[in-house]
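> any chance you can model this:
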Amino acid sequence: MSHFTTIQTEVRDLEALRDACTEMGLQLLKDDHCRGFAGILRKTDHVIKLKGPYDIAVDSVEGGRYGFSADWWEGHVAKEVGPAYGRLLQSYGVHKTLRTARTRGLRATRRIESDGSVLLTLEGGTL
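Model prediction:
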């Protein structure tokens, strides 16, 4: 049996999440339905529309944070965003850092390492 599983995260910036989704070829939509196993639709605050048969629900939780819920059946979600949303959360972290750096007048460069990790270098401005 398949079901939605929620993972609470430290996602606090929906615009940085939108940037991460765009970079991954995905869409973050407001007030939409999230697709799950057997055509189940779940109304949610925001949804990350995936290319496969399932989506990721993005719901607000206490403290201005957002939790992700998805149906992990058959690995469809993991194929697109990584196990436990790993690639999506990595991209979100990069975009959140870049947005913060710009507001502080920092120059940023980004390099993808051979192991898939991201190296950010920040210069100038004030931390």
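
> contacts and neighbour counts: CA atoms only from here.
Noted.

> for the chain, longest helix please?
Determined from DSSP state H, the single longest helix within the chain is helix 86-103.

> got the contact list for it?
For helix 86-103, contacts defined as C-alpha atoms under 8 Å, 6 or more residues apart in numbering pick out 11, 13, 16-17, 19-21, 24, 81-82, 107-108, 118, 120, 122.

> mind redoing it with 6 Å?
Applying C-alpha atoms under 6 Å, 6 or more residues apart in numbering, the external contacts of helix 86-103 come out as Ala16, Leu17, Ala20, Val81.

> how about the strands in the chain?
Ranges of strands in the chain, per DSSP state E, are 4-11, 27-35, 41-49, 56-61, 65-71, 107-112, 118-123.

> and the last one, which residues are buried?
Of the residues in strand 118-123, those buried under the neighbour-count criterion (16 or more other C-alpha atoms under 10 Å) are Leu122.

> measure the residue most central in space within the chain to Arg107 for me?
By C-alpha atoms, centre = their mean, the chain has its centre lying nearest to Leu88, at 4.2 Å. The gap separating Leu88 from Arg107 is 23 Å, by C-alpha to C-alpha, to the nearest Å.

> Gly52 now?
36 Å.

> same deal with Leu17?
In this view, Leu17 and Arg107 are 21 Å apart by C-alpha to C-alpha.

> the two: which is more packed in?
Under the neighbour definition other C-alpha atoms under 10 Å, Leu17 and Arg107 were set side by side, and Leu17 has more, 23 against 13.

> let me know the pLDDT of that one.
We have a pLDDT of 97 for Leu17.

> nearest residue to it other than its sequence neighbours?
In this structure, Leu17 finds its nearest non-sequential neighbour in Tyr92, 5.3 Å apart by C-alpha to C-alpha, 6 or more residues apart in numbering.
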